[in-house]
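**Student:** just to be clear, the model below is a prediction. Sequence and coordinates:
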Amino acid sequence: MSTQITQSAAYLVAIVASSDDVIIAHDLDGNITLWNPAAERLLGYTAAEMLGKPTLLLFPADRRDDEIETLKRVWNGENVSHFETIFAARDGRCVDVSVTISLIIDDAGAAIGASKIARDLTERKQADVAALRLGAIVESSDDAIVSKDLNGIVTSWNLAAERMFGWTAAEMIGQSITRIIPNERLDEETFVLSQVRAGRRVEHFETERHTKRGQPIQISLTVSPIRAADGRVIGASKIARDITKHKELVALQREAQAREEAAQRQVLEVENRRIQEGSRIKSEFVANMSHELRTPLNSIIGFAELMADQRLGPMPPKYAEFTSLILKSASHLLQLINDILDLAKVESGKIDLKPEPVQLASIVEDVASIAGGLARQRDIRIDTVVSPDVGEVHLDPNRLKQVLYNYLSNAIKFSHEHGRVEVRIRTEGADHFCLEVQDWGIGIKVEDQNRLFIEFQQLDASTAKHYKGTGLGLALTKRIVEAQGGSIGVRTEFGVGSTFYAKLPKHVTARSADVTSIDAA
């Protein structure tokens, strides 16, 4: 019998030692007689420090009266279960505990003390506080916060949801969330639940729901999975924000923006028409004035040529020199008037073309002959190279001569005396040819190259003074070439020379072509 008692006592000691709960025993005077390892871990005191000490040391001063009253109940034969109180740890912490107190009875049935089994409530208390805090946040939120199970049955419904949708929590909890979903949007709920079951969030999903009265409401919806302790998805939480007013505001802003843009377009259209009309009037004026100026000028040139050729009889050398100057100046003025007339035609948006079969070698020969006088004045040699594989082309010969003459006269003008310029024509692919005019003159600075093809601009004041001109030639050349589907450009190095080129189709059929505005090259 004693052996069995000994074994039972051993089992009891083992249980007490291995328990995760604090187990403390004390005698009738309240002096501690048992202090297990869990008590040491929770409160920081060793058994050696606490055995024989009064149990009142376990409590903060303001809780000791509670302990005295509890012990009175125990001495009166009452068991105290799950009594919540506070223990004072060695490091000054206050530990929330749930205590169960029972009498210890000897073999004769007399009470010899009491045992306390205490469980740490810190984590539970913290969880309770967190839950209360979360609950307060949910209830005070302006957003509707709703939870539901995986079948779409509502399990929580906050005050904001009541205000937003009109149904109370009592009316919605236990009901299907489809109660607030329009019939035409029920597929959205199927989609959302499938995402939640897969453990995925649905964020900022803009949709429509309706209130208890059937009024539509625009919302932005975020749905997150709710997980059990083992990680399983057991439901979903929804946060819905009413964006109806925001949507209405955005729509009003878009309408206002559209009205403003329409008004701006109308103003621009009126302004464009005014500009176009002004441009048309200007072009007509320039064209009319050019014709009016050319008529008397042609007479001057004609009579000057008769006099210069001495067809009306010989004249003194001094008069012959004056006549030559008159003819040269009148011819230069006619060229300027022709350039202005061409510019007026171009600015009208169209340029007339008269394409016909052309032998490029003949064009080059004619233009080189015309420019020969200018070249001889400065002792500049003109070399020409026309590739025989170019063959016959079909385009406006006068426009091509105009392009080549502009290039060639510029090359002569900006070459050094006693130098040379070279005209080259070669095939550029199957359908195009390339015209190049190269000089070894002053070249062009990098910062000036973007102004080469702009009307009425020369490169700088010093150049304009030394090399006379209006700045129309290259601008007109660009428009004439582009009107025929071609392109122009330049390769140049300051102080070394320049090569101006024009790439043109071999076959131009149009009688007129649209002309685009000049961009800086």
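**Tutor:** Alright, I've got the coordinates.
**Student:** need the residues that contact stretch 20-37.
**Tutor:** 16-17, 19, 38-39, 42-43, 45-47, 50-56, 58, 71, 75, 87, 97, 104, 111-120 (CB atoms under 8 Å, 6 or more residues apart in numbering). Bear in mind the C-beta positions are built from the backbone N, C-alpha and C, glycine included.
**Student:** contact partners for Lys53?
**Tutor:** Contacts of Lys53 (CB under 8 Å, 6+ apart): Asn31, Ile32.
**Student:** surely Leu353 is in contact with Ile480?
**Tutor:** No. At 9.1 Å, Leu353 and Ile480 do not qualify as touching, with contact defined as CB atoms under 8 Å.
**Student:** ok, now how distant is the closest residue in space to Gly485 that isn't next to it in sequence from Gly486?
**Tutor:** In space, and not counting its chain neighbours, Gly485 is closest to Pro505: 5.1 Å by CB to CB, 6 or more residues apart in numbering. Shown here: Pro505 relative to Gly486, a distance of 6 Å by CB to CB, to the nearest Å.
**Student:** neighbour count winner among the two?
**Tutor:** Using other CB atoms under 10 Å as the criterion, Pro505 and Gly486 rank with Gly486 on top: 21 against 17.
**Student:** thinking again about what came up before, residues that sit against both of Leu353 and Ile480, list them.
**Tutor:** If you check Leu353 and Ile480 against CB under 8 Å, 6+ apart, the residues they both contact are Arg399.
**Student:** the more surrounded of those two?
**Tutor:** Ile480 (26 against 18).
**Student:** so the more buried one sits against Gln402, correct?
**Tutor:** Yes. With contact defined as CB under 8 Å, Ile480 and Gln402 form a contacting pair (6.4 Å).
**Student:** so of the contacts of stretch 20-37, which ones are in strands?
**Tutor:** Among the contacts of stretch 20-37, the members falling in strands (DSSP state E) are 87, 97, 104, 111-120.
**Student:** nearest to Asn272, of those?
**Tutor:** Asp120 (83.3 Å; CB to CB).
**Student:** shouldn't the closest one be in contact with Leu42?
**Tutor:** Yes. With contact defined as CB under 8 Å, Asp120 reaches Leu42; the gap is 5.9 Å.
**Student:** touching both of those two, which residues are there?
**Tutor:** Contacts common to Asp120 and Leu42, judged by CB under 8 Å, 6+ apart, are Val22, Val95.
**Student:** returning to what we had before: so what sits against both of Pro505 and Gly486?
**Tutor:** In contact with both Pro505 and Gly486: His432, using CB under 8 Å, 6+ apart.
**Student:** and the pLDDT for the residue lying closest to Ala160 once chain neighbours are set aside?
**Tutor:** Leaving aside its sequence neighbours, Ala160 sits nearest to Ala144 (CB to CB, 6+ apart; 4.8 Å). Listed pLDDT for Ala144 reads 86.
**Student:** what sits against Ala144?
**Tutor:** Asn158, Ala160, Ala161, Met164, Phe165, Ile219, Lys238, Ile239, Ala240, Arg241, Asp242.
**Student:** over stretch 436-454, what's the mean pLDDT, rounded is fine.
**Tutor:** 83.
**Student:** try stretch 474-493
**Tutor:** 87.
**Student:** ditto for stretch 331-347
**Tutor:** In this model, stretch 331-347 has a mean pLDDT of 68.
**Student:** next SSE downstream of the worst-scoring helix or strand of the chain on mean pLDDT?
**Tutor:** Ranked by mean pLDDT, DSSP states H and E, the helix or strand of the chain with the weakest confidence is helix 461-466, at a mean of 45. The first helix or strand that comes after helix 461-466 along the chain, using DSSP states H and E, is helix 473-483.
**Student:** elements contacting that following helix?
**Tutor:** helix 317-347, strand 350-352, helix 397-413, strand 487-493, strand 497-505 (3 or more CB pairs under 8 Å, 6 or more residues apart in numbering; DSSP states H and E).
**Student:** outline the domain layout of the chain.
**Tutor:** For the chain, automatic domain parsing gives the domain ranges 2-120, 141-242, 249-341, 349-514.
**Student:** max-length helix in this structure?
**Tutor:** helix 244-308 (DSSP state H).
**Student:** any idea how many residues pack against the closest residue to Asp96 other than its chain neighbours?
**Tutor:** Using CB to CB, 6+ apart and skipping the chain neighbours, the partner closest in space to Asp96 is Leu121 (4.1 Å). For Leu121, the neighbour count with other CB under 10 Å is 19.
**Student:** what's near enough to touch Leu121?
**Tutor:** Leu121 sits next to Glu84, Asp96, Val97, Ser98 when contact means CB under 8 Å, 6+ apart.
**Student:** flag the shaky bits of the protein, pLDDT-wise.
**Tutor:** 1-14, 127-140, 283, 286-287, 289-291, 332, 339-351, 454-472, 510-521 (pLDDT under 70).
**Student:** please export the C-alpha coordinates of stretch 58-66 as CSV.
**Tutor:** Extracted in CSV, the C-alpha atoms of stretch 58-66 (Å, rounded to 0.1, in the frame of the first residue of the first chain):
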residue,chain,number,x,y,z
LEU,A,58,2.7,37.6,-5.2
PHE,A,59,0.2,40.5,-5.5
PRO,A,60,0.6,44.2,-6.0
ALA,A,61,-0.4,46.2,-3.0
ASP,A,62,-3.8,47.2,-4.4
ARG,A,63,-4.7,43.5,-5.0
ARG,A,64,-3.8,42.0,-1.6
ASP,A,65,-7.2,42.7,0.0
ASP,A,66,-8.7,40.6,-2.9
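**Student:** give me the contact list for that stretch.
**Tutor:** Against stretch 58-66 from outside (CB under 8 Å, 6+ apart): Ile24, Leu43, Leu56, Glu67, Thr85, Ile86, Phe87, Ala88, Cys94.
**Student:** buried ones in that stretch, by neighbour count?
**Tutor:** Residues of stretch 58-66 classed as buried by neighbour count (16 or more other CB atoms under 10 Å): Leu58, Phe59, Arg64.
**Student:** excluding chain neighbours, what is closest to Arg201?
**Tutor:** Using CB to CB, 6+ apart and skipping the chain neighbours, the partner closest in space to Arg201 is Ser224 (5.1 Å).
**Student:** immediately after the helix or strand that contains the one you found, which helix or strand?
**Tutor:** Applying DSSP H and E as the criterion places Ser224 in strand 216-227. Downstream of strand 216-227, the next assigned helix or strand under DSSP H and E is strand 233-242.
**Student:** can you point out the buried residues in that next one?
**Tutor:** Buried residues in strand 233-242, defined by neighbour count with 16+ other CB under 10 Å: Gly235, Ala236, Ser237, Lys238, Ile239, Ala240, Arg241, Asp242.
**Student:** helix or strand for Glu69, which one?
**Tutor:** Applying DSSP H and E as the criterion places Glu69 in helix 64-75.
**Student:** any idea what the residue lying closest to Met50 once chain neighbours are set aside is bridged to?
**Tutor:** Leaving out its chain neighbours, the residue that sits closest to Met50 by CB to CB, 6+ apart is Trp35, at 4.7 Å. Assessed by DSSP bridges, Trp35 has beta-bridge partners Ile24.
**Student:** Tyr45 versus Trp35, what's the distance?
**Tutor:** Counting by CB to CB - Trp35 and Tyr45 are separated by 7 Å.
**Student:** the more surrounded of those two?
**Tutor:** Between Trp35 and Tyr45, counted using other CB under 10 Å, Trp35 has the larger neighbour count: 23 against 18.
**Student:** and that one, how far is that from His82?
**Tutor:** 21 Å.
**Student:** end-to-end on stretch 225-233?
**Tutor:** End-to-end distance of stretch 225-233 (CA to CA, to the nearest Å): 6 Å.
**Student:** and the closest residue to Ser176 other than its chain neighbours, backbone torsions?
**Tutor:** For Ser176, ignoring the flanking residues on the chain, the nearest one in space by CB to CB, 6+ apart is Gly152 at 5.3 Å. The phi and psi values for Gly152, taken as degrees, to the nearest 10, are phi 80, psi 10.
**Student:** quick one: Gly152 and Glu189 touch, right?
**Tutor:** Yes. Look at Gly152 against Glu189 with CB under 8 Å: they come within range, at 6.3 Å.
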